[in-house]
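J.: any chance you could fold what I've pasted below:
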Amino acid sequence: MTDLDFFTALLTPEGRALLDAVAGHDPADELATATRLRRDHPAPLVSAALGQARLRQRAAVKFGPDAARMFFTPHGVEQATRTAVAAHRAARLAALGVRTAADLCCGIGGDAIALARAGVRVLAVDRDPVTAAVARANAEALGLADLIEVREAEVAEVDTSGCDAVFVDPARRGGRGGRVFDPEAYSPPLSWAVEAALRAPAAALKIAPGVPHEAIPPQAEAEWISYGGEVKEAVLWFGGAHAPEGVRPAPGSVRATLLPAGDQLWSPEPPPDVAAGPVGRYLYEPDGAVIRAHQVAEVAERVGGHLLDETIAYVTSDILHPTPFATAYEITDVLPFNLKRLKALLREREVGVLTVKKRGSAVEPEEVRRRMKLRGPHAATVFLTRVAGAPTMLVGGPVSSPAGG
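T.: Prediction:
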């Protein structure tokens with residue numbers, strides 16, 4: 001049997017009954033569960049059901065309650081967009097006036113589902129037979145089959161001229177599963193995706209967040225998206241000429257979006273350089289999306305601060321100005337880099353819980369924690385960084401006041 005045969009068997013009444021039987025099972029008891037079920041069902045089908053149950057448990061982090069009804073592949077779980085991120089993107093496409101969209105390289109259908117829930121009719125395309133079958137099953141499982149047409153095809157061979165927009169999520173892993181960093185090594189290459197985007201009335205291209213800014217085409221607005229402080233992706237936006245200002249992509253601009261709250265920083269052009277200066281009372285650690293979008297200068301302006309070092313994305317200020325775009329820490333000690341001196345200070349302060357952050361330092365946080373031999377009731381944060389080029393340790397703790405605008 002092929003992989004497609006195994007998956008198709010899960011869609012039969014027997015397969016669905018097995019999926020219900022193994023839902024929520026304890027992985028520690030999987031051998032016993034498999035032995036019991038194989039008395040009444042074919043062993044390959046039992047293995048497929050247990051494998052799907054494991055994937056659903058993993059997928060719950062990204063898909064929430066929907067994961068219990070959906071179908072997955074190992075690669076699909078790993079590469080799928082978190083629901084909140086896909087919903088954000090779909091909402092913006094809908095706000096651009098998009099009513100029909102081609103989801104090219106649709107994977108297991110996570111983005112197609114978000115688009116359909118935003119009221120967009122979707123042509124979802126993937127060249128892999130199993131992946132396309134999974135996407136089709138997911139559309140049906142979530143009651144969206146009337147809005148999502150899944151087609152097994154090469155994306156370059158699909159006519160998208162009747163669509164209001166195209167969304168492209170190229171594969172970014174090589175043959176052995178390693179990440180691909182060169183945008184031209186994506187499948188399809190970024191250059192092909194850009195050409196497809198420029199032919200469409202509107203488009204969104206999902207790319208790796210580490211993409212160099214010089215690789216971004218001048219016709220695109222680039223958006224970096226984080227969720228819970230972790231950078232998830234970058235999106236290149238095109239077109240939408242008739243959409244309202246603020247929603248319409250602005251070529252050459254950059255945007256940082258912080259989910260789940262939805263706070264955004266938008267800059268129409270590259271920000272000015274920010275000067276470096278002495279350590280102030282507070283240190284601000286910008287969100288990763290802000291750093292990727294090169295908007296640290298905007299954060300510095302908002303908090304009345306400056307950089308610790310011209311090459312390090314830490315902002316410092318004597319003013320406490322809560323902002324959703326950075327986490328504020330109060331700094332109590334500024335020390336030249338010296339682990340023995342740090343150990344003595346932490347022992348004196350009775351620090352038993354230490355958070356170690358670094359930027360511009362080759363020292364690993366785990367090594368620092370191991371050497372500190374911590375003991376005591378208090379907590380602290382240490383930043384291993386550079387101040388005006390000099391290796392420095394900053395000791396303090398997060399500010400507890402709530403973030404504001």
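J.: any low-confidence regions in the stretch 251-400 of the chain?
T.: In the predicted model, the stretch 251-400 of the chain carries no residue with pLDDT under 70.
J.: can you pull out the helices in it?
T.: Per DSSP state H, counting those that start in this stretch, the stretch 251-400 of the chain has helices spanning 288-292, 296-302, 339-348, 365-372. These are given in chain order.
J.: what's the spacing between the shortest one and its chain's center?
T.: What that stands for is helix 288-292. On the basis of CA atoms, centre = their mean, to the nearest Å, helix 288-292 sits 12 Å off its chain's mean C-alpha point.
J.: got a list of contacts for that helix?
T.: Counting contacts by CB atoms under 8 Å, 6 or more residues apart in numbering, the residues outside helix 288-292 that touch it are 209-210, 224-226, 229-231, 234, 256-258, 265, 296, 298-299, 313, 325-326. Every C-beta, even on glycine, is put in place using the N, C-alpha and C of the backbone.
J.: what's the answer for the last one, then?
T.: Taking CB under 8 Å, 6+ apart as the criterion, the residues outside helix 365-372 that touch it are Leu339, Leu342, Lys343, Leu346, Val351, Leu354, Val356, Lys357, Lys358, Val382, Leu384.
J.: ok, 7 Å please
T.: If you take CB atoms under 7 Å, 6 or more residues apart in numbering as the criterion, helix 365-372 is touched by Leu339, Lys343, Leu346, Leu354, Val356, Lys358.
J.: can you check the longest one too?
T.: Helix 339-348 is contacted by residues Asp333, Leu335, Leu354, Val368, Arg371, Met372, Leu374, Ala380, Val382, Met393, Val395 when judged by CB under 7 Å, 6+ apart.
J.: how about it: buried residues?
T.: By 16 or more other CB atoms under 10 Å, the buried positions in helix 339-348 come out as Leu342, Lys343, Leu345, Leu346.
J.: one more: stretch 251-258?
T.: Here stretch 251-258 shows Gly252, Ser253, Val254, Arg255, Ala256, Thr257, Leu258 as buried, counting by 16+ other CB under 10 Å.
J.: what is the nearest of those to Ala80?
T.: Thr257 (18.8 Å; CB to CB).
J.: wait, the closest one touches Ile225, no?
T.: Yes: because the distance of 4.8 Å satisfies CB atoms under 7 Å, Thr257 is recorded as touching Ile225.
J.: and for those two, which residues touch both?
T.: Contact criterion CB under 7 Å, 6+ apart; residues shared by Thr257 and Ile225: His88, Ala289.
J.: wait, which of the helices of the stretch 251-400 of the chain is closest to Leu37?
T.: Among the helices of the stretch 251-400 of the chain, helix 365-372 comes nearest to Leu37, with 42.2 Å by CB to CB.
J.: how far is the longest helix along the chain from where the chain is centred?
T.: Scanning the chain for the helix with the most residues, using DSSP state H, yields helix 43-63. Centroid separation between helix 43-63 and its chain, computed with CA atoms, centre = their mean, is 23 Å.
J.: what are the buried residues along that helix?
T.: 45-46, 48-57, 59, 62-63.
J.: likewise stretch 118-133?
T.: Here stretch 118-133 shows 118, 120-128, 130-133 as buried, counting by 16+ other CB under 10 Å.
J.: so which of those residues belong to strands?
T.: Of the buried residues of stretch 118-133, the ones assigned to strands by DSSP state E are Arg121, Val122, Leu123, Ala124, Val125, Asp126.
J.: count the residues that sit near the residue nearest to the third one when sequence neighbours are not counted.
T.: Spatially, and ignoring its direct neighbours in sequence, Leu123 is nearest to Ala102 (4.7 Å; CB to CB, 6 or more residues apart in numbering). Using other CB atoms under 10 Å, Ala102 has 27 neighbouring residues.
J.: looking at this, Ala102 is in a strand?
T.: Yes: the assignment for Ala102 (DSSP: H, G, I helix; E, B strand; the rest coil) places it in a strand.
J.: for it, give me its contacts.
T.: When contacts are counted by CB under 7 Å, 6+ apart, Ala102 touches Leu123, Val125, Val158, Thr160, Cys163, Val166.
J.: just flag the most distant two among these.
T.: Val125 and Cys163 (11.0 Å).
J.: so the residue nearest to His25 when sequence neighbours are not counted, which of the three states?
T.: Excluding its sequence neighbours, the residue lying closest to His25 (CB to CB, 6+ apart) is Thr33, at 5.4 Å. Secondary structure, three-state DSSP: Thr33 is helix.
J.: tally of neighbours for Thr33?
T.: Applying other CB under 10 Å, we find 19 other residues in the vicinity of Thr33.
J.: can you tell me how far it is from Ala114?
T.: Between Thr33 and Ala114 the distance is 33 Å, computed by CB to CB, to the nearest Å.
J.: please pick the buried ones from the contacts of helix 288-292.
T.: 209, 224-226, 231, 234, 256-258, 265, 296, 298-299, 313, 325-326.
J.: and Ala86, what's its pLDDT?
T.: The confidence metric pLDDT takes the value 97 at Ala86.
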